[in-house]
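predicted coordinates and the sequence they were generated for:
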Amino acid sequence: MDVTQRIIDCARERAAGIVVEDFCIGVGYTGIKLSDGSGGVSYTFRNDLGPGCGVLPGAGRIGVITAEKALDWALSKNLAYASIGIAAANALLNRDYEQGQNIADAIECAPDDVVGMIGWFCPLVNRYKDAKKLFVFERGARLAANRGAAELRPEEDEESILPECTKVVLTGTCFINKTADRLLSACRNAREITIVGASTPMCPQVLKEYGVTALAGTRIADADLALKIVAHGGGGMDLSPASIKLFERI
């Protein structure tokens, strides 16, 4: 059973009797509000949703969706459905966590660290500037390109370089696009694996079994405001008035 399926199974334990009150697929994030008042968000892979003008069949006519059905969507190859599913999981799993330490303050860096980062997270790039080596993997990155202290590498190099890394930073989007198992298995020599971003499900009981040592996710404190921000095309920073940053060592 893959890691995303296991996370969804944990969220399902909290989903009984809950339905989806509303959801929105924005250009930056996808948001959801459940009937218990909880909310969740996840990244929208807007460049991977196809060339059509619509991304969700039956939009506006879907009817009642149970939270359990929304969770099933997390496993879909359709990334619009998958984003809704992970947002639903986050609404259910992240709601019990209180504000945590700022991720940039929680990170420690030693001169002998070899760091792998999936995606460019500016505050953390600066935090790792004194590492022996910092690889940042980005889609379409030019081979061996450099940006400050970081070496940009294409995503095709992840599986060959991540085993060299002592610390790894993954984004919670890996649960949406089904790369989580591949990436986590490549981090076999990492002392620390941190999963960051608003798409991160706070599910330590599962993720610690995959070597994850810290989770930096988001709890939505105002689901209505979060949906409005998502609908208006907002991104991570825009969601700040509606959310609480979380950090948990596991």
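That came through fine.

give me the helices and strands touching the helix or strand harbouring Ser42, please.
Assigned by DSSP states H and E, Ser42 falls within strand 39-43. The helices and strands touching strand 39-43, judged by 3 or more CB pairs under 8 Å, 6 or more residues apart in numbering; DSSP states H and E, are strand 29-34, helix 79-93, strand 218-220, helix 223-231. Glycine gets a C-beta too; all of them are placed from N, C-alpha and C.

off-centre distance for that strand?
9 Å (CA atoms, centre = their mean, to the nearest Å).

returning to what we had before: so which of the helices and strands packed on strand 39-43 gets nearest Pro123?
Distance to Pro123, taken as CB to CB, is lowest for strand 218-220 among the helices and strands packed on strand 39-43, at 14.9 Å.

possible to save the helices and strands packed on strand 39-43 as CSV with mean pLDDT, mean neighbour count and distance to Arg249?
Converted to CSV, the helices and strands packed on strand 39-43 look like this (pLDDT from 0 to 100; neighbours: other CB atoms under 10 Å; distance: least, CB to CB, whole Å):
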stretch, mean pLDDT, mean neighbour count, distance to Arg249
strand 29-34, 98, 29, 26
helix 79-93, 98, 29, 17
strand 218-220, 98, 27, 17
helix 223-231, 98, 21, 26
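
nearest to Ala110, of the ones you listed?
Of these, the one closest to Ala110 (CB to CB) turns out to be strand 218-220, at 28.1 Å.

out of the helices and strands in the protein, which is least certain?
Of all helical and strand segments in the chain, the minimum by mean pLDDT, DSSP states H and E falls on strand 145-147, at a mean of 54.
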